[in-house]
Every structure is written in C-alpha cells, then in structure tokens.
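*Asks:* My questions concern the predicted model and sequence given below.
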Amino acid sequence: LPPAAGRHAVISIRRHPRSTWTFDRLSENNWAPASAIETIHQLIRERANFLIVGGTGSGKTSVLAACLSTLPEAERVLLIEDVDELPIPNKISSKLLTRKDSNGVLRDIDQTELVRQALRMRPDRIVMGEIRGGEAKDLLMAFATGHSGCMGTLHADSARQALLRLEMLIQIGAPQWNIQTVRTLIRLSIHAVIVVTRTADGSRKLSGIHRVVSLEDSGFLLENLLTL
C-alpha cells in the first residue's frame, strides 16, 4: 500500500494450477527426455537428498510438486513453506507454514523454527519449498544426521552457483563457522542438484542433473548425470 507502493496499491496474485504437476505432464510439455526423468526417479527411490535450482519462473516449484507426486502413500512427509504452494502428497503427511504478524500480536514463526518442530514429528522426508535464509544451516544439519530422501528449492542459475549460495545462507545461520566446516556440511547432506531453466520463448526445461561426488581443496566435484 502507499507510500511503500508509490501512488497506487499493488496486488500480486500467484495462480496455482487446478491439477498437480506430475512428470507425465512435464513430459507432455517436452520438459526433458524420458531418460532424464528416470534419473530423477532413481534419485527419489534411492532416497538421495537433492536441491531443485533455477531462476525466477523456471518451474522449480512445479518440478518439486512432480517429485512429491511419486512418493509412496506410506511415507510421512513434512513440508515447510513460507507460502502455501506445494501439494501434500498423502493423508499421513503434514505442512508447516511460517507466520509474520504485522500487528505484533502473535509471535513470528520462521523456517528455522519449523525445521526444529518438523524433526520432533518423526518425518520420513523433509521438504522445504524454498531455502532463502539462515534456516539452511538447521535444514542441512537435519539432512546430514539421518534424514534421507529430503528435497528443497533454491534460487540459482547453475549447480555450482547453488552450492555457493548455500554456503552463504549457512553462514547467515552460523557466522562463527569457517568455510571448510560449511562445505563439509554441504558435502554430507546434499547428494545431487537438479537445474531447471526458462528459455527465451518462455518454455521451461531441465538443463542439468549433477551428483555431488566429493569435496576437494578447490571446491566441490560434480558429475553430470544428464544426457540430452
């Protein structure tokens, strides 16, 4: 509202599809070849922890929704989001949302607290809609200490940029940690990075699947699993 919005009020509406995105729907839109989608299915089956990364409007949330649609009915998933966007995959799963009360009546609840609460709820998988702040430290510590098959999205244009941005976000949550400690946590907790992009004509495509192979003195060693 004015004056923060200038002379006129500004309303932003994000319209969600009536039906949940699946890999079949993505295939119909020529998002990726069948072999690449099978690689993602394999990451899900082997309970790898992975990130889905890309720029604004590249379809990260849609791909994460497609991943959720493949999960077994007997797996309890805890979804953590700022804004309610992702579908809950089954009846035994739950969602936790942040809260910010501009009136100051209710206390704020951020994603860091939601991660801690989720760990008490014995999830089979933890899924974060978007990693954007110091909650990255608590989330990756959960990933590294026995929680497998976890997923999340992150704004980045490439796998290497995503890991660099993850370093920065962890340091927000743990400024006392040195860079080697931060990178070791990433290596222990993230197994793969899926990169999506939006092309010049507006279509969304899969542009990379990278497995985090090792941590060297020069940085992370990545293996490209995508063959187009």
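*Replies:* Here it is on my side, so go on.
*Asks:* From here on, just use CA atoms for contacts and neighbour counts.
*Replies:* OK.
*Asks:* longest strand anywhere in this protein?
*Replies:* The strand that spans the most residues within the chain, counting by DSSP state E, is strand 204-216.
*Asks:* buried stuff in it?
*Replies:* For strand 204-216, burial by neighbour count (16 or more other Cα atoms under 10 Å) applies to 204-212, 215.
*Asks:* Identify the residues contacting it?
*Replies:* 30-32, 58-59, 159, 183-184, 187, 190-199, 220-226 (Cα atoms under 8 Å, 6 or more residues apart in numbering).
*Asks:* Just after that strand, pick out the following helix or strand.
*Replies:* strand 219-224 (DSSP states H and E).
*Asks:* quick revisit: in strands, which of the contacts of strand 204-216 fall?
*Replies:* Going by DSSP E, the strands hold 192-198, 220-224 from the contacts of strand 204-216.
*Asks:* next one: the longest strand of the chain to chain centre, how far?
*Replies:* Once both centres are worked out by Cα atoms, centre = their mean, to the nearest Å, strand 204-216 turns out to sit 14 Å from its chain's centre.
*Asks:* Tell me where the chain has strands.
*Replies:* Assigned by DSSP E, the chain shows strands spanning 50-54, 77-81, 94-97, 125-128, 151-155, 192-198, 204-216, 219-224.
*Asks:* how about those strands in TSV, adding distance to Leu169 and mean pLDDT?
*Replies:* Putting those into TSV (distance: least, Cα to Cα, whole Å; pLDDT from 0 to 100) gives the following:
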stretch	distance to Leu169	mean pLDDT
strand 50-54	14	98
strand 77-81	17	97
strand 94-97	20	97
strand 125-128	14	97
strand 151-155	11	97
strand 192-198	16	97
strand 204-216	18	96
strand 219-224	17	94
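*Asks:* Can you say which of those is packed in most?
*Replies:* Neighbour counts (mean count of other Cα atoms under 10 Å) averaged over each of the strands of the chain peak at strand 50-54, with a mean of 27.
*Asks:* Report the angle between that one and strand 151-155.
*Replies:* Here the directions of strand 50-54 and strand 151-155 differ by 30 degrees (axes from the mean of the first three to the mean of the last three Cα atoms, to 10 degrees).
*Asks:* Who is the spatially closest residue to His147 that is not a sequence neighbour paired with across the strands?
*Replies:* Leaving aside its sequence neighbours, His147 sits nearest to Arg125 (Cα to Cα, 6 or more residues apart in numbering; 6.7 Å). Beta bridges link Arg125 to Val77 when assigned by DSSP bridges.
*Asks:* Which of the strands of the chain sits closest to Ile109?
*Replies:* Of all the strands of the chain, strand 94-97 sits nearest to Ile109, with 8.2 Å by Cα to Cα.
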